[in-house]
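Undergrad: for reference, the sequence and a predicted model appear below.
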Amino acid sequence: MPRVTAITAGLAPLTLITALAAALVAAPAAASGQEAPTITWAVDPATAEGPDDRSWIEQEMDPGESVQEYLAVRNLSAVDATFALEGADAYFTDAGYFTMLPADHDSTGAGTWIDIPESVDVASGETAIVPFTVTVPENATPGDHAAGVAASLAYLGADAEGQSVRVDSRVGFRVLTRVTGEIVPALTAPGLSATYDTEWNPLRPGALDVTVTLANAGNVALDVAGEASAGGASAPLGFTDGAERIELLPGDSQVVTARLQGVWPLGPLTTEVTLEGSADEVTPVIVSSATTTWALPLPQLFTLAGIALIVLALVDSGRRRRRRLRAMLAEARAQGRAEGGAPDPAEAAAR
């Protein structure tokens, strides 16, 4: 049984290859003691003449319109291969990666607009140009609709318990269709919270952890960036792999975070978040939201209380020392008079 790998450079919009898949398909060959051939392939947008320089397909279409596009399937392995082809609804994962619905899930959106052959045979080292059509329904709503096309190989593998499982490895790219009509960009922040992280060294400020829920309430995909600020500190909202922007499809939501360093605990802290959503040929959307968090200066209060206790202890100790000193002096005077035969001043006055 062949091993599966894929060329994913330039195909970041959609990659559904997993190490688990390669391990499962390679396992039977290793058990039989035979070296399995490696099947490697790549998929790119194309024209009728061959692959072009696009990473994915974006198009603007009217309801009822049909457009023919092409994908190039390159077989980079030493053996011939037959690849299954499919179009399906697409979405962004919680980690921010673009992907398609699994093969065992039915599409209900733009994936159903794609008509593509079921499979394609590609000889070793060759490239097959495959036409497919995108047909927008007459009743399609205006705005952006996400789908993807992919070439895949499926094998029967085994899970950790030895049970037979279907293993799908597929590579493809996104097909984003904007249906003409009224385009309404809308970005909201329905959830915003902030938690103060106390620094127990009283000479150092703490940090503020900010969590924001972003929601695309419009009908156009938005490229979103944002910044959080509080107590004189600010930081960009953090997304997948340290990126400072994220894509949100219509109806999608995403939870992002930011950590503000150098925030002193000054009681009520107002955290402000500013978001900007942008898209081609659309006026950017600016959204602001705020929340208040209490940051008690406990380390500083504890330090002041400790200093106050030390001062009180020193003052009290000084008073006690002065009382003892006066008592010792009085005792010494009395003893001196007794030894010198001089009457006590009090007794002399009484006489």
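TA: On my side now, so go ahead. This one's a predicted model, so the numbers in the text were calculated from it and none came from an experiment.
Undergrad: what sits against the closest residue to residue 193 other than its chain neighbours?
TA: Computed as C-beta to C-beta, 6 or more residues apart in numbering, the closest residue to residue 193 that is not its neighbour in sequence is residue 211, at 5.0 Å. Glycine gets a C-beta too; all of them are placed from N, C-alpha and C. Contacts of residue 211 were listed using C-beta atoms under 8 Å, 6 or more residues apart in numbering, and they are 191, 192, 193, 194, 195, 255, 256, 257.
Undergrad: now swap in residue 297 and tell me
TA: Residue 297 neighbours (C-beta under 8 Å, 6+ apart): 264, 265, 266, 267.
Undergrad: again with residue 221
TA: With C-beta under 8 Å, 6+ apart, residue 221 has these contacts: 144, 146, 176, 247, 248, 249, 250, 279.
Undergrad: break the protein into its domains for me.
TA: Listed by automatic domain parsing, the domain ranges of the chain are 3-179, 187-296, 300-350.
Undergrad: next SSE downstream of the host helix or strand of residue 177?
TA: Assigned by DSSP states H and E, residue 177 falls within strand 164-179. Counting by DSSP H and E, the element after strand 164-179 in chain order, helix or strand, is strand 187-197.
Undergrad: circling back to that earlier point, tell me the one of the contacts of residue 211 nearest residue 69?
TA: Checking these against residue 69 with C-beta to C-beta, the nearest one is residue 256 at 33.2 Å.
Undergrad: pLDDT score for the closest one?
TA: Looking at residue 256, its pLDDT stands at 89.
Undergrad: make residue 1 into 56 and carry on from there
TA: I'll keep to 56 as the first residue from here, and by that count the last item is residue 311.
Undergrad: correct me, but it touches residue 292?
TA: Yes. Counting by C-beta atoms under 8 Å, residue 311 does reach residue 292; the two are 4.6 Å apart.
Undergrad: hmm, back to that, redo the contacts of residue 276 as TSV? Include pLDDT, distance to residue 161 and neighbour count.
TA: Converted to TSV, the contacts of residue 276 look like this (pLDDT from 0 to 100; distance: C-beta to C-beta, whole Å; neighbours: other C-beta atoms under 10 Å):
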residue	pLDDT	distance to residue 161	neighbour count
199	97	21	21
201	97	16	22
231	96	20	22
302	91	24	20
303	93	24	23
304	95	19	19
305	95	20	19
334	90	29	20
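Undergrad: dump those into TSV; add secondary structure as well.
TA: Listed next are these as TSV, based on DSSP: H, G, I helix; E, B strand; the rest coil:
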residue	secondary structure
199	strand
201	strand
231	strand
302	strand
303	strand
304	coil
305	coil
334	strand
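Undergrad: for the residues you listed, which one is nearest residue 279?
TA: residue 303 (5.6 Å).
Undergrad: thanks a lot, see you next time.
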